[in-house]
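# Structure, please.
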Amino acid sequence: MPDDPIIKGIRRVRPEDKAPVMALLHATGFFRPGELVIAEEVFNEALTKGPQGDYQSFVAVEDAQTVGWLCFGQTPCTLGTFDIYWVAVDPQYQGRGIGKALMNYAHTCIQNRQGRLIVVETSGNPRYISTRRFYESLGYIQEACLKDFYAVGDDKIIYIYRSC
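Residues are numbered from 1 along each chain as shown. Just a heads-up that it's a prediction; the model follows:
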(Lines give C-alpha, C1' and ligand atoms only; values in the text may rest on other atoms or scores of the structure.)
Protein backbone atom coordinates (compact mmCIF):
# COMPACT_ATOMS: atom_id res chain seq x y z
CA MET A 1 0.00 0.00 0.00
CA PRO A 2 1.45 3.40 -0.93
CA ASP A 3 2.49 5.73 1.86
CA ASP A 4 -0.01 8.26 3.12
CA PRO A 5 0.72 11.83 2.11
CA ILE A 6 2.36 14.07 4.66
CA ILE A 7 0.18 17.11 5.29
CA LYS A 8 0.86 19.45 8.18
CA GLY A 9 -1.70 19.00 10.93
CA ILE A 10 -3.14 15.68 9.68
CA ARG A 11 -1.84 12.35 10.91
CA ARG A 12 -2.89 8.75 11.50
CA VAL A 13 -4.86 8.22 14.72
CA ARG A 14 -3.15 7.33 17.99
CA PRO A 15 -4.66 5.87 21.17
CA GLU A 16 -4.73 9.28 22.85
CA ASP A 17 -7.00 10.61 20.07
CA LYS A 18 -9.92 8.36 20.99
CA ALA A 19 -11.41 10.49 23.78
CA PRO A 20 -11.15 13.79 21.85
CA VAL A 21 -12.61 12.20 18.70
CA MET A 22 -15.55 10.75 20.61
CA ALA A 23 -16.04 14.10 22.37
CA LEU A 24 -16.07 16.07 19.13
CA LEU A 25 -18.51 13.62 17.52
CA HIS A 26 -20.80 14.03 20.50
CA ALA A 27 -20.38 17.82 20.48
CA THR A 28 -21.56 18.12 16.87
CA GLY A 29 -25.03 17.00 17.98
CA PHE A 30 -25.51 15.19 14.66
CA PHE A 31 -25.05 11.59 15.74
CA ARG A 32 -27.46 9.30 17.58
CA PRO A 33 -26.12 7.10 20.42
CA GLY A 34 -26.03 4.01 18.19
CA GLU A 35 -23.99 5.87 15.60
CA LEU A 36 -21.49 6.90 18.27
CA VAL A 37 -21.08 3.25 19.27
CA ILE A 38 -20.29 2.38 15.64
CA ALA A 39 -17.85 5.30 15.39
CA GLU A 40 -15.99 4.00 18.43
CA GLU A 41 -15.86 0.47 16.99
CA VAL A 42 -14.51 1.77 13.68
CA PHE A 43 -11.97 3.97 15.48
CA ASN A 44 -10.77 1.00 17.56
CA GLU A 45 -10.42 -1.23 14.53
CA ALA A 46 -8.51 1.44 12.60
CA LEU A 47 -6.20 1.89 15.56
CA THR A 48 -5.64 -1.85 15.98
CA LYS A 49 -5.11 -2.75 12.32
CA GLY A 50 -3.46 0.45 11.11
CA PRO A 51 -2.58 0.88 7.43
CA GLN A 52 -3.41 -2.76 6.65
CA GLY A 53 -6.97 -2.50 8.00
CA ASP A 54 -10.24 -1.81 6.25
CA TYR A 55 -10.60 1.56 7.98
CA GLN A 56 -8.03 4.29 7.41
CA SER A 57 -8.39 6.81 10.20
CA PHE A 58 -6.75 10.22 10.58
CA VAL A 59 -7.07 13.27 12.78
CA ALA A 60 -6.58 16.96 12.25
CA VAL A 61 -4.52 18.53 15.01
CA GLU A 62 -4.34 22.23 15.76
CA ASP A 63 -2.38 23.71 18.65
CA ALA A 64 -1.76 20.16 19.97
CA GLN A 65 -5.53 19.48 20.10
CA THR A 66 -7.40 16.86 18.10
CA VAL A 67 -10.00 18.94 16.25
CA GLY A 68 -11.19 16.70 13.41
CA TRP A 69 -11.55 13.07 12.40
CA LEU A 70 -11.59 11.30 9.06
CA CYS A 71 -12.21 7.63 8.36
CA PHE A 72 -12.35 6.03 4.92
CA GLY A 73 -11.74 2.68 3.29
CA GLN A 74 -12.03 0.70 0.12
CA THR A 75 -15.57 -0.49 -0.46
CA PRO A 76 -15.63 -4.28 -0.09
CA CYS A 77 -15.95 -6.28 -3.33
CA THR A 78 -15.07 -3.31 -5.57
CA LEU A 79 -12.11 -2.27 -7.66
CA GLY A 80 -11.13 1.31 -6.97
CA THR A 81 -14.24 2.43 -5.07
CA PHE A 82 -13.83 3.94 -1.62
CA ASP A 83 -16.23 5.07 1.09
CA ILE A 84 -15.77 8.09 3.32
CA TYR A 85 -17.24 6.66 6.51
CA TRP A 86 -16.73 9.57 8.89
CA VAL A 87 -15.63 13.16 8.68
CA ALA A 88 -16.27 15.51 11.57
CA VAL A 89 -14.81 18.68 13.02
CA ASP A 90 -15.13 19.96 16.57
CA PRO A 91 -17.85 22.66 16.46
CA GLN A 92 -15.43 25.18 18.02
CA TYR A 93 -13.13 24.73 15.00
CA GLN A 94 -15.70 24.55 12.20
CA GLY A 95 -15.52 27.12 9.44
CA ARG A 96 -11.70 27.17 9.39
CA GLY A 97 -11.18 24.78 6.47
CA ILE A 98 -10.38 21.73 8.61
CA GLY A 99 -13.13 19.60 7.10
CA LYS A 100 -12.01 20.55 3.60
CA ALA A 101 -8.39 19.74 4.48
CA LEU A 102 -9.44 16.32 5.81
CA MET A 103 -11.45 15.57 2.67
CA ASN A 104 -8.61 16.70 0.41
CA TYR A 105 -6.32 14.45 2.42
CA ALA A 106 -8.70 11.54 1.85
CA HIS A 107 -8.80 12.31 -1.88
CA THR A 108 -5.00 12.23 -2.07
CA CYS A 109 -4.75 8.98 -0.08
CA ILE A 110 -7.44 7.37 -2.22
CA GLN A 111 -5.77 8.46 -5.47
CA ASN A 112 -2.49 7.00 -4.14
CA ARG A 113 -4.38 3.71 -3.75
CA GLN A 114 -5.65 3.83 -7.35
CA GLY A 115 -9.10 4.90 -6.22
CA ARG A 116 -11.42 6.05 -8.98
CA LEU A 117 -14.74 6.60 -7.21
CA ILE A 118 -15.50 7.96 -3.74
CA VAL A 119 -18.89 7.49 -2.10
CA VAL A 120 -20.25 9.39 0.88
CA GLU A 121 -23.67 9.04 2.48
CA THR A 122 -25.58 11.49 4.62
CA SER A 123 -29.04 12.29 5.88
CA GLY A 124 -31.68 14.14 3.89
CA ASN A 125 -32.95 15.69 7.13
CA PRO A 126 -33.11 19.50 6.82
CA ARG A 127 -30.62 19.94 9.67
CA TYR A 128 -28.02 18.25 7.45
CA ILE A 129 -28.26 20.87 4.72
CA SER A 130 -24.87 22.33 5.71
CA THR A 131 -23.35 18.85 5.45
CA ARG A 132 -24.79 18.34 1.99
CA ARG A 133 -23.61 21.79 0.87
CA PHE A 134 -20.16 20.96 2.21
CA TYR A 135 -19.90 17.84 0.05
CA GLU A 136 -21.28 19.68 -2.97
CA SER A 137 -18.70 22.47 -2.49
CA LEU A 138 -15.98 19.81 -2.82
CA GLY A 139 -17.33 18.57 -6.15
CA TYR A 140 -19.47 15.69 -4.92
CA ILE A 141 -22.59 15.00 -6.98
CA GLN A 142 -25.80 13.54 -5.59
CA GLU A 143 -26.15 10.13 -7.18
CA ALA A 144 -29.12 8.72 -5.28
CA CYS A 145 -31.77 9.38 -2.67
CA LEU A 146 -33.26 6.50 -0.71
CA LYS A 147 -36.56 7.74 0.68
CA ASP A 148 -37.34 7.13 4.36
CA PHE A 149 -34.08 5.21 4.82
CA TYR A 150 -33.02 6.29 8.32
CA ALA A 151 -36.59 6.93 9.50
CA VAL A 152 -39.85 8.07 8.00
CA GLY A 153 -39.06 11.45 6.48
CA ASP A 154 -35.29 10.98 6.80
CA ASP A 155 -33.81 10.02 3.45
CA LYS A 156 -30.34 8.69 2.74
CA ILE A 157 -28.48 10.90 0.26
CA ILE A 158 -25.61 9.26 -1.61
CA TYR A 159 -22.92 11.45 -3.14
CA ILE A 160 -20.11 10.42 -5.45
CA TYR A 161 -16.81 11.96 -6.43
CA ARG A 162 -14.81 10.70 -9.37
CA SER A 163 -11.17 10.97 -8.40
CA CYS A 164 -9.70 10.51 -11.86
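
# The closest residue to residue 36 other than its chain neighbours: which element?
Distances taken as C-beta to C-beta, 6 or more residues apart in numbering put residue 25 closest to residue 36, at 6.0 Å, once the chain neighbours are dropped. Quick note: C-beta positions are derived from backbone N, CA and C, even for glycine. Assessed by DSSP states H and E, residue 25 sits inside helix 18-28.

# What residues of that helix count as buried?
20-21, 24-25 (16 or more other C-beta atoms under 10 Å).

# was I right about the residue nearest to residue 36 contacting residue 39?
Yes: Residue 25 sits in contact with residue 39 when judged by C-beta atoms under 8 Å, with a separation of 5.5 Å.

# between these two, what contacts are shared?
31, 86 (C-beta atoms under 8 Å, 6 or more residues apart in numbering).

# Any figure for the gap between residue 87 and residue 138?
10 Å (C-beta to C-beta, to the nearest Å).

# higher neighbour count, the two?
residue 87 (24 against 16; other C-beta atoms under 10 Å).

# moving C-terminal of the biggest helix by length in the chain, what's the next helix or strand?
In the chain, taking DSSP state H as the definition, the longest helix is helix 33-49. Once the chain leaves helix 33-49, the next helix or strand it forms, by DSSP H and E, is strand 56-62.
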